[in-house]
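> quick one: sequence and predicted model below, then my questions.
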Amino acid sequence: MAFNFSSQRLAKKLLILSYISVLMVGCSEQSQPNAHGGMPPANVSVITMTPQNVPFTLELPATLSGSKEIEIRARVAGILESRNFNEGDRIEAGESLFTLDLKPFELDVALNRADEKAAVARLERAEREVKRLKALRKEKTVSQRDYDDAVSNFDISQADLLAAQTKLREAELNLQYAKVNSPVSGIVGRERVSEGTFIPGPEILLTEMTQLDPVRVRFGLSEREQLAMRQDEASGKLSLPQDGHWQTRIKLQDGSFYPIIGVVNFRDVRINTQTGTSELQAVVANPDFKLRPGQFVRVLLEGAVRKNTFVVPQRAVLDSGTGKYVYVMVKNEQGQTIAKQAPVSVGEWVQFDPKQSSSTPDIENGWIIREGLKEGDQVIVDGLVKIFFPGAPVTLASSAPASTEQHAQRGE
């Protein structure tokens with residue numbers, strides 16, 4: 001009986017194991033319903049590569065400075081009588097900043113004006129004497145020596161008048177210098193000398209002025225970037241602004257753009273040995289004084305154009321860890337439509353404003369493709385998450401693929 005009971009238990013175990021095996025096979029088949037027919041194609045969207053001209057823009061860090069940084073000094077000596085501004089005020093050119101005690105300068109002007117009148121009187125007397133002696137000389141009633149002395153006295157009187165007039169102009173100029181005026185429009189700094197102080201002359205700094213309209217934007221461009229641009233220009237891939245006059249847009253710290261566009265007006269030929277960059281400078285109008293010296297901004301250099309290049313949306317460019325690549329929709333040897341991995345060499349990012357174009361915003365943020373694609377390639381831009389491996393089957397989500405000309409605004 002025991003033997004028969006053990007045989008029954010063994011038979012039950014074998015039956016249970018067999019049933020479990022059948023269930024596992026069934027589950028495996030359910031998990032791969034298309035094991036024999038392959039994975040279902042992923043629905044994707046593509047853009048067709050068409051060469052186009054697109055704007056080439058550089059974005060660089062920059063600092064602002066006033067177009068003029070001026071030290072205000074008195075040109076004459078005297079007692080500082082008054083300060084005629086509030087520190088930090090906006091001052092127009094010609095406005096009075098300081099006033100020295102004017103009385104000594106006014107007296108000097110009056111004294112030199114009197115000397116001028118005396119010189120005029122002496123000159124008139126000498127002129128009358130010459131005329132008188134000239135007539136007598138014709139009658140030979142005076143000697144030649146007397147006549148020559150009169151002519152010399154007339155010449156000396158002319159010189160004395162010029163000297164008196166020069167001293168008068170000097171006195172008037174000193175009176176004007178005693179009223180220290182602003183040479184430019186801008187922002188005045190703090191006072192360095194208080195009222196009542198004796199100012200010996202220009203060796204004493206009174207205050208500083210900063211001209212803020214226009215402002216100067218200074219930034220560095222690396223030697224590597226300059227070399228790459230020159231090479232692309234030589235090969236016809238890039239068109240640069242004439243004479244290096246890039247248009248300049250200022251991006252502020254909050255991401256907004258200053259509304260006025262400037263232009264690059266200076267480019268240093270020297271390379272900074274410490275930074276590997278050469279300095280550039282742009283001038284931007286600043287009528288409302290919204291930009292201030294020392295401000296850190298980012299500058300966008302515009303005006304260059306990439307020639308006959310390809311642009312794909314940034315989301316279509318993937319990173320394998322060893323390089324960038326995109327998926328291109330192609331036919332394989334069996335005629336199936338698949339996603340083929342295409343390694344690419346990328347350039348700079350480009351942005352298009354969909355508000356200025358009737359196109360869809362699919363390529364609002366694009367990436368320049370320098371190598372790896374050719375005209376007519378259909379790059380997959382949507383449905384990438386459904387592509388699990390290169391060569392996976394795909395199908396178009398729409399009947400007609402779009403082109404880059406439909407998605408991107410051309411940069412003429």
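All right, it came through fine. Residues are numbered from 1 along each chain as shown.
> domains of the chain?
Segmentation of the chain into domains, based on automatic domain parsing, reads 46-64+212-407, 75-100+179-203, 103-177.
> compare those domains and give me the one nearest P40.
Of all the domains of the chain, it is domain 46-64+212-407 that lies closest to P40, at 7.6 Å by C-beta to C-beta. Quick note: C-beta positions are derived from backbone N, CA and C, even for glycine.
> so K237 touches A304, yeah?
No: checked against C-beta atoms under 8 Å, the pair K237 and A304 is beyond contact range at 10.8 Å.
> can you pull out the low-pLDDT segments for the chain?
Along the chain, the parts satisfying pLDDT under 70 run over 1-39, 353-363, 398-412.
> the longest strand along it packs against which elements?
Determined from DSSP state E, the single longest strand within the chain is strand 52-73. Applying 3 or more C-beta pairs under 8 Å, 6 or more residues apart in numbering; DSSP states H and E, one finds that strand 52-73 contacts strand 186-188, strand 205-222, strand 296-313, strand 337-351.
> just the angle for the helix or strand containing I47 relative to strand 296-313, thanks.
Assigned by DSSP states H and E, I47 falls within strand 42-48. Calculated by axes from the mean of the first three to the mean of the last three C-alpha atoms, to 10 degrees, strand 42-48 forms an angle of 110 degrees with strand 296-313.
> could I get the buried residue list for strand 42-48?
By neighbour count on 16 or more other C-beta atoms under 10 Å, the buried set for strand 42-48 is 42, 44-48.
> what is the orientation angle of it with strand 337-351?
Orientation check (the same axes, to 10 degrees): strand 42-48 against strand 337-351 gives 50 degrees.
> strand 42-48 pairs with which strands, parallel or anti?
Sheet pairing for strand 42-48, assigned by DSSP bridges, gives strand 378-382 (antiparallel), strand 394-396 (parallel), strand 402-403 (parallel).
> tell me which of the ones you listed lies nearest to L58.
Going by C-beta to C-beta, the one of the strands paired with strand 42-48 nearest L58 is strand 378-382, 25.6 Å.
> now do the closest one: distance to the chain's middle.
Distance, stretch centre to chain centre, for strand 378-382: 35 Å (C-alpha atoms, centre = their mean, to the nearest Å).
> equivalent analysis for stretch 79-94, please.
32 Å.
> show me which residues of that stretch are buried.
Result for stretch 79-94 [16+ other C-beta under 10 Å]: buried residues 80, 83-85, 91.
> look up phi and psi at T322.
When read as degrees, to the nearest 10, the backbone of T322 gives phi -110, psi -10.
> how many other residues sit next to it?
7 (other C-beta atoms under 10 Å).
> how about the one 10 residues further on?
For N332, the count of nearby residues is 11 (other C-beta under 10 Å).
> try E170
With other C-beta under 10 Å as criterion, E170 counts 13.
> now for it: which residues touch it?
By C-beta atoms under 8 Å, 6 or more residues apart in numbering, E170 lies in contact with N112.
> in what helix or strand does it lie?
Going by DSSP H and E, E170 is in helix 144-177.
> which stretch among the helices and strands packed on strand 52-73 comes nearest L111?
strand 205-222 (27.5 Å).
> what sits against V151?
Contact analysis of V151 by C-beta under 8 Å, 6+ apart lists V130.
> what residues sit buried inside the longest helix along the chain?
In the chain, assigned by DSSP state H, the helix with the most residues is helix 103-138. Using 16+ other C-beta under 10 Å as the test for burial, helix 103-138 gives 104-105, 108-109, 112, 115-116, 119, 122-123, 126, 129-130, 133, 137.
> tell me the one of those residues nearest T322?
Using C-beta to C-beta, those come closest to T322 at F105, 79.9 Å.
> which residues does that closest one contact?
Per C-beta under 8 Å, 6+ apart, neighbours of F105: 76, 78, 171, 174-175, 178.
> top of the residues you listed by number of neighbours, please.
A178 (24 neighbours).
> contact partners for that residue?
With the criterion set at C-beta under 8 Å, 6+ apart, A178 makes contact with 74, 76, 78, 99-102, 105.
> which residue sits closest to the residue nearest the centre of the chain, ignoring its sequence neighbours?
In the chain, the centroid-proximal residue (C-alpha atoms, centre = their mean) is V299; its distance is 3.4 Å. Setting aside the residues directly before and after it, V299 is nearest to A62 in space (C-beta to C-beta, 6 or more residues apart in numbering), at 4.2 Å.
> how about F219?
Spatial nearest neighbour of F219, excluding adjacent residues (C-beta to C-beta, 6+ apart): A62 at 3.7 Å.
> for P202, same thing?
R73 (4.3 Å).
> bridge partners for that neighbour, pull those for me.
In this entry, R73 is beta-bridged to L205, by DSSP bridges.
> ok, now the one 5 residues further on?
Following DSSP bridges, G78 is listed with bridge partners I199.
> check the gap between it and N174 for me.
9 Å (C-beta to C-beta, to the nearest Å).
> I260 now?
41 Å.
> likewise Y147?
Applying C-beta to C-beta, the value for Y147 to N174 is 41 Å.
> which element, helix or strand, includes Q334?
Counting by DSSP H and E, Q334 is found in no helix or strand.
> next up, the contacts around it.
Contacts of Q334 by C-beta under 8 Å, 6+ apart: none found.
> likewise the one 10 residues further on?
Taking C-beta under 8 Å, 6+ apart, we find V344 in contact with 317, 324-326, 369-373.
> how does it look with 7 Å?
By C-beta atoms under 7 Å, 6 or more residues apart in numbering, V344 lies in contact with 324-326, 369, 371-373.
> where's L373 relative to I47, distance?
Taking C-beta to C-beta, one finds L373 at 11 Å from I47.
> equivalent analysis for T337, please.
Using C-beta to C-beta, T337 is found at 16 Å from I47.
> buried sites along the helix or strand that contains E225?
Following DSSP H and E, one finds E225 within helix 223-234. Neighbour-count burial for helix 223-234 flags 229, 232 (criterion: 16+ other C-beta under 10 Å).
> just want the angle from that helix to strand 205-222.
Using the same axes, to 10 degrees: helix 223-234 against strand 205-222 is 60 degrees.
> show me the contact partners of helix 223-234.
Here helix 223-234 has contacts from 238, 240, 271, 276-277, using C-beta under 7 Å, 6+ apart.
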